[in-house]
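K.L.:
what's the 3D shape of this:
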Amino acid sequence: MVEVLRNRTIGDAAENPRLQALVLYWSAKRGTNSMPSLQQIDPVEIPHLLPIVLIADATATGARIRLLGTDATAAYGQETHGKWVHQFDLGEFTPCWLEAFALVIKSGTPASAGGPFRSSGDFCDIETVLMPLSDNGVTVSHIFGGLLIRPAPLSSSIGQKAPIPYMLFACTG
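P.N.:
Predicted structure coming up:
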């Protein structure tokens, strides 16, 4: 089971500046509403963020990837369009990944998650921010966010990749 940490604001939802920029974009689009719609997300406005953007369709049974940016797809190592999020193999990070999507769909609030990911034998750091979108202003119809997979820094003490602990944050406005 994944421990969910609460009381993190949407402004603190991401560590990486590119993910922070996505959070700011989502916040600006929602204005005073709890969540914006998919139609309000305009790729022309965020071309520098498109390589990490994630858009998924939210359903009662989970989420299905509609779009995953080129950097995220390349780091993951395979095409993801149309893939259900439960079909992603993110090693030990997978339960955290799935819980983050479930949390956003169920609560209608953003979530962020981060932790280690072993890709082709190498340790990587993975970080995602997921934010709800709604067609009717009430129920979550889509998820907008970003996914970063990067090589983990070398541990100075043992000279090996040092994984970070898994973290999942339920965010508030």
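K.L.:
Which parts of the protein are helices?
P.N.:
17-30, 70-76, 94-107 (DSSP state H).
K.L.:
okay if I get the ones you listed as a markdown table plus distance to Trp84?
P.N.:
For the C-beta atoms, the positions are set from N, CA and C on the backbone; glycine is no exception. A markdown table is the format used below for the helices of the chain (distance: least, CB to CB, whole Å):
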| stretch | distance to Trp84 |
| --- | --- |
| helix 17-30 | 22 |
| helix 70-76 | 14 |
| helix 94-107 | 10 |
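K.L.:
Was I right to think Ile46 contacts Leu22?
P.N.:
Yes: if you go by CB atoms under 8 Å, Ile46 and Leu22 touch, sitting 7.5 Å apart.
K.L.:
between those two, which one's more packed in?
P.N.:
Taking neighbours as other CB atoms under 10 Å, Ile46 and Leu22 compare with Leu22 leading, 23 against 13.
K.L.:
Identify the residues contacting the residue nearest to Arg66 when sequence neighbours are not counted.
P.N.:
In this structure, Arg66 finds its nearest non-sequential neighbour in Ile55, 4.6 Å apart by CB to CB, 6 or more residues apart in numbering. Ile55 makes contacts with 38, 41, 65-67, 142-144, as judged by CB atoms under 8 Å, 6 or more residues apart in numbering.
K.L.:
Gly145 too?
P.N.:
So Gly145 contacts 19, 22, 26, 53-54, 110, 128-131 (CB under 8 Å, 6+ apart).
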